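Q: Predicted model and sequence below, questions to follow.
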Amino acid sequence: MGGQEFLDKLRLALSGQVAASQVEESIAYYREYISTQIRMGQSEETVLRNLGDPRLIAKSIISANAGEESYTQGRFSREHVVDEEEYYAQTREQNMPKVVRLNGWLALGMTLLSMVVIVGIIFSLISLLLPVIVILGVVYFFIKVFRDWLN
């Protein structure tokens, strides 16, 4: 299902159940939400899967609208918006990779320790290769001296 199909199903489910202005406001809200999430890097399929069934969303809007107490002059009440914002914040947290933040001193210490380990590995490799390099140098020296002596 694409974004337009999602919005069409939501519009169909809300039509006749709430005021036309509230239908349009809900459609505009979800259209903006979908486009914002896509701009943030999510695929349309992921955004729509996270939103769920548009008919269930319509039922929650209709039940929140019962008696007009949750809507004020065609706008969502503050409680309804906060609940949706909280839901989307939780959904984003579940889908985002976990980032570990380190204390500044701990990060500095780990960086310095890493550098010491890398330098140690480099010097260990040099100390292992140094005898081979010295032997090859001596052999090269004797070959050059022997060639010069023959000429």
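A: Nice, thanks for sending it over. Numbers count the residues shown, from 1 in each chain.
Q: pLDDT score assigned to residue 136?
A: In the predicted model, residue 136 carries a pLDDT score of 95.
Q: Now name the helix or strand holding it.
A: Following DSSP states H and E, one finds residue 136 within helix 104-150.
Q: what packs against that helix?
A: Contacts defined by 3 or more Cβ pairs under 8 Å, 6 or more residues apart in numbering; DSSP states H and E place helix 104-150 against no helix or strand at all. Heads up, the C-betas are built off the backbone N, CA and C, glycines and all.
Q: can you give me how far that helix is from the chain middle?
A: In this view, helix 104-150 has its centroid 42 Å away from the chain centroid, taken as Cα atoms, centre = their mean, to the nearest Å.
Q: ok, now stretch 33-46?
A: Stretch 33-46 has its C-alpha centroid displaced from the chain centroid by 12 Å (Cα atoms, centre = their mean).
Q: In that stretch, which residues are buried?
A: Neighbour-count burial for stretch 33-46, counted by 16 or more other Cβ atoms under 10 Å, picks out 34, 37, 42.
Q: per-residue confidence at the second one?
A: Residue 37 carries a pLDDT score of 91 in this model.
Q: doesn't residue 48 make contact with it?
A: No: using Cβ atoms under 8 Å, residue 37 is not in contact with residue 48; the gap is 9.4 Å.
Q: what does the domain assignment say about the protein?
A: Recorded structural domains for the chain (assignment: automatic domain parsing) are 3-95, 102-151.
Q: Compare the mean pLDDT across those domains and name the weakest.
A: Across the domains of the chain, domain 3-95 has the smallest mean pLDDT, namely a mean of 78.
Q: Out of the buried residues of stretch 33-46, which sit inside helices?
A: Secondary structure defined by DSSP state H assigns 34, 37 of these to helices.
Q: quick one: which of the buried residues of stretch 33-46 is nearest to residue 130?
A: Within those, proximity to residue 130 (Cβ to Cβ) peaks at residue 42, which comes in at 54.5 Å.
Q: Now do the phi/psi pair for that closest one.
A: In terms of degrees, to the nearest 10, the main-chain angles of residue 42 are phi -80, psi 150.
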